[in-house]
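Asker: need a 3D model of the sequence below.
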Amino acid sequence: MSVNLRSHSAPVVSTRTVFLDGRRVLFARIESPDGPPSLRAADGTTLAAAVRSAAQQRIPLVLCIETVGVAAEDGIGASGAWGSAARELSMASGVIPTLAIVSGPVVSGPALLLGLVDVVVFTEGAYTFVTGPTSVEAYTGVPVTADELGGLGSHLRSTGLASLVAEDVDDALDVIGELLAYLPDSVESLPPEVPTNDPVARDSSEAGELLPSGAQGSYDVRDVVVALCDDGEFFELRAGWAPNLVTGFCSFGGIPTGIVANQTQALAGSIDIPAAQKGGRFVGFCDAFNIPLLTLVDTSGFLPGKDLEWRGMIRHGAQMAFAYARATVPRIGLILRKSYGGAYIVMDSKNMGNDLMLAWPSAEVAVMGAKGAVEILHRTETPEERERLQADYEATHLTPYPAAERQSINAIITPAETRSTVCSALTMLITKRERLRPRRHDNSPL
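Answerer: Alright, predicted model coming up:
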């Protein structure tokens, strides 16, 4: 890492230009030699100016932060200052990539800044929360430690705030440098080409061999991605949260591509609330920064459950549908195996504006599985007759061909030709442009 010192703001917030793997970013750091600092009014103003400067220069922002909250002696002025930084981060959203490193405790109001950036990297031992253990115990009567409340484990698995994990700040900067290889500097540019010697026409039969022979068997969809993409290099985001949906970056023929894939090793690849939120957020991120999307589909539908419905499965499930529907980047879908019901639509179907939908011969595209359909349609038949009807349903409906006849699938391809087909399609679609209708902004189902 090479550093260019441009400006310095004492005593807490410093800003400078940093080169990460040859990419120029604005690096803002909140720290103090005496330990995690409290933010004063001047610090919030400096941070807001740093975010604004990065947006004006059209370069990514990397924020390294640790703080115990606002300085009490500055009163409301300190709170207002970090509020200004929050506003600038909101204004920069979708204009430049914003990335944060949590290098220590980040507590109280300033912790909300982490929710405004695109990617958060947690270092070991860091923690963050809005309301601390003392207040939580006083309100609920349940004692809790800082690590239990807002440590890496909770944000990696439960909240989804932790996109990536690093040992320390230097390691976090290296990780961010790897991520930047797939991202443009701003909304006004395309992602840089990723160097590769992997032939675009390479046989990708290995990807198909990963699928189990039985319809109920599971497999690691990340292995499918690795078998298809350039040099087998896949950069995953939020791996610990909503593991039933995989998101991350790779390249095809040197073209950076965002991956959204159902993971059958968790909840059989069904979509629940965290998965819908994870997918919707990632699709929106890729769309904001001109990154094409490849969606790998193998799901039996939305996860059923009373608790899920009460928590807002409809509203949160719509987040993923909304993100795909408004995305204007090149969008390719590939049905590996199951694609049932509402999940078929939400996982970037042709009806959602997908540019190219592909399917392997093993694909099952239907309203529901054979057993469920027969139990609904032929519930009065004998068990033997229902078994025969189930076999007929599987042979007639659980194939990609009826969907292809209705043009919901553009092409049925073999696993061997999948890599070459995806590479060719991305090359063709890279010049895709859509005219957006004028409006202030959409109203996403948050």
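
Asker: so which helix or strand takes in the residue lying closest to Leu156 once chain neighbours are set aside?
Answerer: Closest residue to Leu156 apart from its sequence neighbours, by C-beta to C-beta, 6 or more residues apart in numbering: Gly240 at 3.9 Å. C-beta coordinates here come from the backbone N, C-alpha and C atoms, glycine included. Using DSSP states H and E, Gly240 sits in no helix or strand.

Asker: Gly240 contacts Leu164, correct?
Answerer: No: Gly240 is beyond contact range of Leu164, at 9.9 Å (criterion: C-beta atoms under 8 Å).

Asker: who's more crowded, the two?
Answerer: More neighbours surround Leu164 than the other of Gly240 and Leu164, with 22 against 17 (other C-beta atoms under 10 Å).

Asker: state the distance from the more buried one to Ala172.
Answerer: From Leu164 across to Ala172, the span is 8 Å (C-beta to C-beta, to the nearest Å).

Asker: okay, and the beta partners of the residue nearest to Gln57 when sequence neighbours are not counted?
Answerer: Nearest residue to Gln57, sequence neighbours excluded (C-beta to C-beta, 6+ apart): Leu26, at 7.0 Å. Assessed by DSSP bridges, Leu26 has beta-bridge partners Thr17, Leu61.

Asker: now for Leu26: which residues touch it?
Answerer: If you count contacts by C-beta atoms under 8 Å, 6 or more residues apart in numbering, Leu26 has them with Thr15, Arg16, Thr17, Val18, Ala50, Ser53, Ala54, Gln57, Ile59, Pro60, Leu61, Val62.

Asker: what about the spatially most central residue of the chain, helix or strand, and which?
Answerer: Residue closest to the average C-alpha location in the chain (C-alpha atoms, centre = their mean): Phe282, at 3.0 Å. Under the criterion of DSSP H and E, Phe282 resides in helix 273-288.

Asker: buried residues in that helix?
Answerer: The neighbour-count check on helix 273-288 (16 or more other C-beta atoms under 10 Å) flags 273-288 as buried.

Asker: need the helices for the stretch 251-400 of the chain, in chain order.
Answerer: Remark: helices assigned in the stretch 251-400 of the chain by DSSP state H, counting those that start in this stretch are 273-288, 306-310, 313-326, 341-346, 370-377, 383-397.

Asker: how far is the third one from where the chain is centred?
Answerer: I take that to be helix 313-326. Relative to the centre of its chain, helix 313-326 is centred 14 Å away, using C-alpha atoms, centre = their mean, to the nearest Å.

Asker: give the rounded mean pLDDT of that helix.
Answerer: For helix 313-326, mean pLDDT rounds to 94.

Asker: buried residues in it?
Answerer: Of the residues in helix 313-326, those buried (16+ other C-beta under 10 Å) are Met313, His316, Gly317, Ala318, Gln319, Met320, Ala321, Phe322, Ala323, Tyr324.

Asker: which stretches of this structure have low pLDDT?
Answerer: Low-confidence segments of the chain, defined by pLDDT under 70, span residues 1-11, 72, 74-75, 78, 367-397.

Asker: domain map for it?
Answerer: 2-180, 205-363+399-429 (automatic domain parsing).

Asker: follow-up on the earlier one: gap between the residue nearest to the centre of the chain and Asp230?
Answerer: Taken as C-beta to C-beta, the span from Phe282 to Asp230 is 20 Å.

Asker: circling back to that earlier point, ok, the residue nearest to Leu156 - contacts?
Answerer: So Gly240 contacts Leu156, Arg157, Ala162 (C-beta under 8 Å, 6+ apart).

Asker: repeat the analysis, applying 10 Å as the threshold.
Answerer: Listed by C-beta atoms under 10 Å, 6 or more residues apart in numbering, the contact partners of Gly240 are Leu152, Gly153, His155, Leu156, Arg157, Ser158, Gly160, Ala162, Ser163, Leu164, Val165.

Asker: and the buried ones among those residues, selectable in PyMOL?
Answerer: Entered in PyMOL, the line below selects the buried ones among those, by 16+ other C-beta under 10 Å:
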select buried, resi 152+155+156+160+162+163+164+165
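
Asker: which pair of the contacts of Gly240 spans the longest distance?
Answerer: Using C-beta to C-beta, the contacts of Gly240 reach their maximum pairwise distance at Ser158 and Leu164, which is 16.3 Å.

Asker: before we move on, the earlier item: okay if I get the domains of the chain as TSV plus distance to Glu193?
Answerer: Shown next, in TSV, are the domains of the chain (distance: least, C-beta to C-beta, whole Å):
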stretch	distance to Glu193
domain 2-180	13
domain 205-363+399-429	4
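
Asker: my read: Leu39 touches Ala48, true?
Answerer: No: Leu39 is beyond contact range of Ala48, at 11.4 Å (criterion: C-beta atoms under 10 Å).

Asker: show me which of the two is the more surrounded one.
Answerer: Higher neighbour count among Leu39 and Ala48: Leu39, with 27 against 21, using other C-beta under 10 Å.

Asker: show me what contacts that one?
Answerer: Contacts of Leu39 by C-beta under 10 Å, 6+ apart are 12-13, 30, 46-47, 65, 67-71, 74, 78-79, 81-82, 85, 108-110.

Asker: wait, Ile110 sits on Gly69?
Answerer: In this structure residue 110 is Pro, not Ile. Yes: counting by C-beta under 10 Å, Gly69 is a contact partner of Pro110 at 6.4 Å.

Asker: which neighbours do these two have in common?
Answerer: Contacts common to Pro110 and Gly69, judged by C-beta under 10 Å, 6+ apart, are Ser38, Leu39, Ala78, Ser79, Trp82, Val130.

Asker: and the second one, how close does it get to Thr328?
Answerer: Between Leu39 and Thr328 the distance is 38 Å, computed by C-beta to C-beta.

Asker: neighbours around Pro195, how many?
Answerer: Residues lying near Pro195 (other C-beta under 10 Å) number 10.

Asker: got the contact list for the nearest residue to it once chain neighbours are set aside?
Answerer: Counting by C-beta to C-beta, 6+ apart, Pro195 lies nearest to Gly254, which is 6.9 Å off, once chain neighbours are set aside. Counting by C-beta under 10 Å, 6+ apart, Gly254 makes contact with Pro192, Glu193, Val194, Pro195, Thr196, Asn197, Asp198, Val200, Asp230, Cys423, Leu426, Thr427.

Asker: measure the residue nearest to Gln57 to Thr431 for me?
Answerer: On the measure of C-beta to C-beta, Leu26 and Thr431 end up 31 Å apart.

Asker: check contacts around the closest residue to Ala55 other than its chain neighbours.
Answerer: Of all residues not flanking Ala55 in the chain, Ala92 sits nearest, at 4.3 Å (C-beta to C-beta, 6+ apart). Applying C-beta under 10 Å, 6+ apart, we find Ala92 in contact with Val51, Arg52, Ala54, Ala55, Gln56, Pro60, Leu61, Thr98, Leu116, Val117, Asp118, Ser186.
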